[in-house]
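Trainee: just need the structure, nothing else, for what follows:
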Amino acid sequence: MVVTHNIAVTKTERSKLNDFPLENLPFGKYFTDHMLEADFENGEWKNIEIKPYQPLLLSPSLAALHYGQAIFEGIKAYKDPTGNAFIFRPYDNFKRFNVSAERMQMPTVPEEIFIEGMRRLIELDSNWIPAYENHSLYIRPFLFSSDEMIGVRPSETYKFMIILSPTGPYYAAPMRIYVEEKYTRAAPGGIGFAKAAGNYAGSMLATAEAKKQGYDQVLWTDAFEHKYVQEIGTMNVFFVIGDTVLTPDLESETILSGVTRDTALTIVKEMGLNVEERPVHIDEIINAYKSGKAVEVFGTGTAATIAMIRELKYQDFVMKFDTDKWKIAPELKRRLDAVRTGNAEDKHGWMFKI
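Mentor: This is a model prediction of the structure:
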């Protein structure tokens, strides 16, 4: 049975857009005029509405606050040189969102709410898309359990929302990364592949301890040996050794199947590089560094895009990289940015026009 959902629209009386410039914005601090909200009740989606951005009125017994049944996605929208608005690969995020929902025992969100709701919301707030280098409109769809009851079980009701945030670069400068050996982000059979809120909450202590030592983020390692690298904070990780690009594979389901990761793999193959998706041992990276081979390390993610790594510390061994001499990561970023901003041909159909 095909269900057609109507999306009601209530516009704000006054836009906040003129209250601040859209250039040099911090990540995730400011939000646009409108948001999308929908409820899942009695096995169906209802009350689907785009309305002015506003606070929520929540019960203290809200299930999500107690048991963490919450997932989200991160997507970006851009404008091309003629002012047309595009979303970057939203269907890939839509698919991954529902993979997360199924893992967390939550209802999947229909395409006509997720994609069409997002399109209409951005169409309404398209003037908020910054037309500056390394700027974009960050899109945050999220879903959480909304039962007003304390009890460890899947909720019977849920709320789905989309909010929008104009933003500048997430990491403005090359990063210093600490290889984590004490704490564990994910293990096989867990929820490492899902974009669940709890994954990020569990990472904060390790990140805080790394920052006390002057590092920006941690590179997670496997739960058993703490030798095989997984991902960096909110990013997938890549290593370039000579003409080969290495990145951890997805077989163990302990890392996120990043949309930017997949995009980067496609582009570096087009650049003529060898690509290997497989377990990557930290000793392999150290040995390549010690042998004097050209090594590049970078992270990929929706928020970060392509983030250069200038230092990597494992135990007492510090690897420092001269990012100004790199060839692969900067060219990857240039090609990706060109497609997303409409300055290069979209050969893969990544850009979804509003």
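Trainee: residue 191 versus residue 70, what's the distance?
Mentor: 12 Å (C-beta to C-beta, to the nearest Å). To be clear about C-beta, it is placed using only N, CA and C from the backbone, and glycine gets the same treatment.
Trainee: overlap in contacts, the two.
Mentor: Shared contacts of residue 70 and residue 191, defined by C-beta atoms under 8 Å, 6 or more residues apart in numbering, comprise 104, 198.
Trainee: which one of the two has more residues nearby?
Mentor: residue 70 (22 against 18; other C-beta atoms under 10 Å).
Trainee: mind listing what that one touches?
Mentor: So residue 70 contacts 64, 104, 142, 143, 144, 145, 196, 197, 198 (C-beta under 8 Å, 6+ apart).
Trainee: confirm the first one sits in a strand?
Mentor: Looking back up the chat, that one is residue 64. No: per DSSP: H, G, I helix; E, B strand; the rest coil, residue 64 lies outside any strand segment and is helix.
Trainee: per-residue confidence at residue 314?
Mentor: Note on residue 314: pLDDT of 97.
Trainee: actually, residue 234.
Mentor: 83.
Trainee: OK, contacts around it?
Mentor: Residues in contact with residue 234 (C-beta under 8 Å, 6+ apart) are 200, 217, 301, 303, 304.
Trainee: most neighbours among those residues, which one?
Mentor: When neighbours are counted by other C-beta under 10 Å, residue 217 leads those with 25 neighbours.
Trainee: if we can go back for a sec, could you pick out the buried ones from the contacts of residue 70?
Mentor: Neighbour counting over these (16 or more other C-beta atoms under 10 Å) leaves 64, 104, 142, 143, 144, 145, 196, 197 as the buried ones.
Trainee: just curious, which of these is nearest to residue 269?
Mentor: Of all the buried ones among the contacts of residue 70, residue 269 sits closest to residue 196, with 30.3 Å by C-beta to C-beta.
Trainee: do a quick rundown of the helices in the protein.
Mentor: Along the chain, counting by DSSP state H, helices occupy 63-67, 90-103, 111-124, 197-201, 204-212, 259-270, 282-290, 328-340.
Trainee: output the second one in CSV with nothing but the alpha carbons.
Mentor: Written as CSV, here are the backbone C-alpha positions of helix 90-103 (Å, rounded to 0.1, in the frame of the first residue of the first chain):
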residue,chain,number,x,y,z
PRO,A,90,20.8,12.8,0.1
TYR,A,91,19.6,9.3,-1.0
ASP,A,92,22.8,7.7,0.4
ASN,A,93,22.1,9.4,3.7
PHE,A,94,18.5,8.4,3.5
LYS,A,95,19.4,4.7,3.1
ARG,A,96,22.0,4.8,5.9
PHE,A,97,19.5,6.6,8.2
ASN,A,98,17.1,3.7,7.9
VAL,A,99,19.8,1.1,8.4
SER,A,100,20.5,2.9,11.7
ALA,A,101,16.8,2.9,12.5
GLU,A,102,16.5,-0.8,12.0
ARG,A,103,19.5,-1.5,14.1
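Trainee: rebuild the contacts of residue 70 as TSV, extending it with distance to residue 260 and pLDDT.
Mentor: Listed next are those as TSV, based on distance: C-beta to C-beta, whole Å; pLDDT from 0 to 100:
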residue	distance to residue 260	pLDDT
64	27	98
104	22	98
142	19	98
143	21	98
144	25	98
145	28	98
196	19	97
197	20	96
198	22	95
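Trainee: okay if I get those as JSON lines plus distance to residue 171?
Mentor: Formatted as JSON lines, the contacts of residue 70 follow (distance: C-beta to C-beta, whole Å):
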{"residue": "64", "distance to residue 171": "29"}
{"residue": "104", "distance to residue 171": "28"}
{"residue": "142", "distance to residue 171": "22"}
{"residue": "143", "distance to residue 171": "27"}
{"residue": "144", "distance to residue 171": "27"}
{"residue": "145", "distance to residue 171": "32"}
{"residue": "196", "distance to residue 171": "23"}
{"residue": "197", "distance to residue 171": "22"}
{"residue": "198", "distance to residue 171": "23"}
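Trainee: wait, which of those is closest to residue 33?
Mentor: Proximity of the contacts of residue 70 to residue 33 was ranked by C-beta to C-beta; the top entry is residue 142 with 18.5 Å.
Trainee: that closest one reaches residue 161, doesn't it?
Mentor: Yes: here residue 142 lies in contact with residue 161, judged by C-beta atoms under 8 Å, at a distance of 5.7 Å.
Trainee: ok so, going back, okay if I get the helices of the chain as TSV plus distance to residue 234?
Mentor: Below are those laid out as TSV (distance: least, C-beta to C-beta, whole Å):
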stretch	distance to residue 234
helix 63-67	21
helix 90-103	15
helix 111-124	21
helix 197-201	8
helix 204-212	10
helix 259-270	11
helix 282-290	20
helix 328-340	17
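Trainee: so which of these comes closest to residue 150?
Mentor: Among the helices of the chain, helix 63-67 comes nearest to residue 150, with 5.9 Å by C-beta to C-beta.
Trainee: circling back to that earlier point, relative to residue 84, which of the buried ones among the contacts of residue 70 is nearest.
Mentor: Nearest to residue 84 among the buried ones among the contacts of residue 70, with distances taken as C-beta to C-beta, is residue 142, at 26.9 Å.
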